[in-house]
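[1] sharing a sequence plus its predicted fold:
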Amino acid sequence: MTVVALVPAAGQGTRLGLNIPKAFVTLKDRSLLERAVDGLFTSGAVDEVVVMVPADMIERARELVPRARVVVGGAERTDSVRAGLAAAPGHDHVLVHDAARPLTPAPMIVRVVDALRAGASAVIPVLPVADTVKRVDADGAVLATVDRADLRAVQTPQGFTAEALHAAYAAAPGALATDDAGLVERAGGTVATVAGDPLAMKITTAFDLRIAQVLVEESA
Ligand code: C5P
């Protein structure tokens with residue numbers, strides 16, 4: 001059974017406030033993209049990696065991650081994943097892993113792949129939610145307090161049988177989703193969970209980048 005990892009890296013990362021696409025931002029001399037791709041290969045759990053980047057970053061990406069296949073992403077994250085899926089047919093299992101999670105520990109990647117090998121058709125790493133979460137209206141007034149015990153924060157890599165992921169994307173052409181398992185859920189599929197890891201944090205804001213910098217310095 002072979003595993004391909006698709007790495008969406010085509011976002012502009014505007015919330016980070018820098019003028020280069022987020023995946024090309026460096027953390028102690030190595031880009032988020034290099035770190036995310038190296039982490040996947042180092043886990044020993046994937047056979048091939050495909051990265052999806054902005055059209056004008058193709059050459060740069062090929063220099064940074066020569067072991068990966070590099071293709072052009074799309075306007076939305078789901079478009080980028082579609083492009084990656086089309087570029088890597090013939091695998092039994094597909095992981096989708098954000099380039100924006102450069103510190104993801106190898107054992108977490110292995111947990112996701114192990115769950116697929118054990119028979120799951122879709123699996124996501126999750127963490128408990130520490131903060132109390134409330135639903136608010138458009139003016140910010142509280143409508144309800146959501147029971148925290150039932151909530152999980154979702155990370156990547158998310159794992160799928162190729163069949164389940166292709167079916168989910170085919171069932172919702174043009175659909176937008178913040179994660180791929182969301183499309184599987186909409187298509188009626190079952191999604192299993194494994195334990196996530198705080199180190200698999202997603203870098204979205206300048207604050208996240210500062211935290212990641214401290215973590216990288218600490219582990220050096
Ligand atoms: O913007 P956000 O942090 O949610 O993006 C998550 C991941 O999806 C990032 O690695 C980003 O590069 C990628 N992405 C993409 N194509 C887009 C938008 C985001 O590959 N059009």
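    Thanks, I have it.
[2] tell me the contacts of the spatially closest residue to residue 178 that is not a sequence neighbour?
    Take residue 178 and drop its neighbours on the chain: the residue closest to it by CB to CB, 6 or more residues apart in numbering is residue 77, 7.5 Å away. Backbone N, C-alpha and C define where each C-beta goes, glycine included. Taking CB atoms under 8 Å, 6 or more residues apart in numbering, we find residue 77 in contact with 8, 10-11, 176-178.
[3] close to the ligand as well: tell me which of those qualify.
    The subset of the contacts of residue 77 within reach of the ligand, by CB under 6 Å from any ligand atom, is 8, 10-11.
[4] now check the top helix by length along the chain, is it near the ligand?
    Longest helix in the chain, counting residues (DSSP state H): helix 206-219. No: Helix 206-219 lies apart from the ligand when judged by CB under 6 Å from any ligand atom; the minimum separation is 9.6 Å.
[5] which neighbouring elements make contact with that helix?
    strand 26-27 (3 or more CB pairs under 8 Å, 6 or more residues apart in numbering; DSSP states H and E).
[6] ok now the strand it packs on, how far from the chain's centre?
    From the chain centre to the centre of strand 26-27 is a distance of 18 Å (CA atoms, centre = their mean, to the nearest Å).
[7] outside of whichever helix or strand comes after that strand itself, list whatever touches it.
    The C-terminal neighbour of strand 26-27 among helices and strands, as given by DSSP states H and E, is strand 30-31. Strand 30-31 is contacted from outside by 23-25, 64, using CB under 8 Å, 6+ apart.
[8] for the ligand, state which of those is nearest.
    The nearest member of these to the ligand, counting by CB to the nearest ligand atom, is residue 23 at 5.1 Å.
[9] that closest one contacts residue 37, doesn't it?
    No: using CB atoms under 8 Å, residue 23 makes no contact with residue 37, being 9.7 Å away.
[10] what touches both of the two?
    Common neighbours of residue 23 and residue 37, using CB under 8 Å, 6+ apart, are 51, 99.
[11] okay, residue 92: pLDDT?
    On the pLDDT scale, residue 92 is placed at 96.
[12] not counting its neighbours along the chain, what's nearest it?
    residue 1 (4.3 Å).
[13] picking that back up, now the two most distant members of the contacts of strand 30-31.
    By the measure CB to CB, 25 and 64 form the most distant pair in the contacts of strand 30-31, at 11.9 Å.
[14] residues in contact with residue 126?
    152-155, 193-196.
[15] at 7 Å instead, please
    Listed by CB atoms under 7 Å, 6 or more residues apart in numbering, the contact set of residue 126 reads 152-155, 193, 196.
[16] ok, and the most crowded of the residues you listed?
    Highest neighbour count within those, by other CB atoms under 10 Å: residue 155, with 26 neighbours.
[17] thought that residue was touching residue 123?
    No: Residue 155 is not in contact with residue 123 according to CB atoms under 7 Å; the separation is 11.5 Å.
[18] return the residues of the protein in contact with the ligand.
    8-11, 22-23, 52, 73-77, 80, 98-100, 204.
[19] next step: those residues restricted to strands.
    8, 52 (DSSP state E).
[20] can you put the contacts of strand 30-31 in TSV and add neighbour count?
    Shown next, in TSV, are the contacts of strand 30-31 (neighbours: other CB atoms under 10 Å):
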residue	neighbour count
23	33
24	20
25	19
64	20
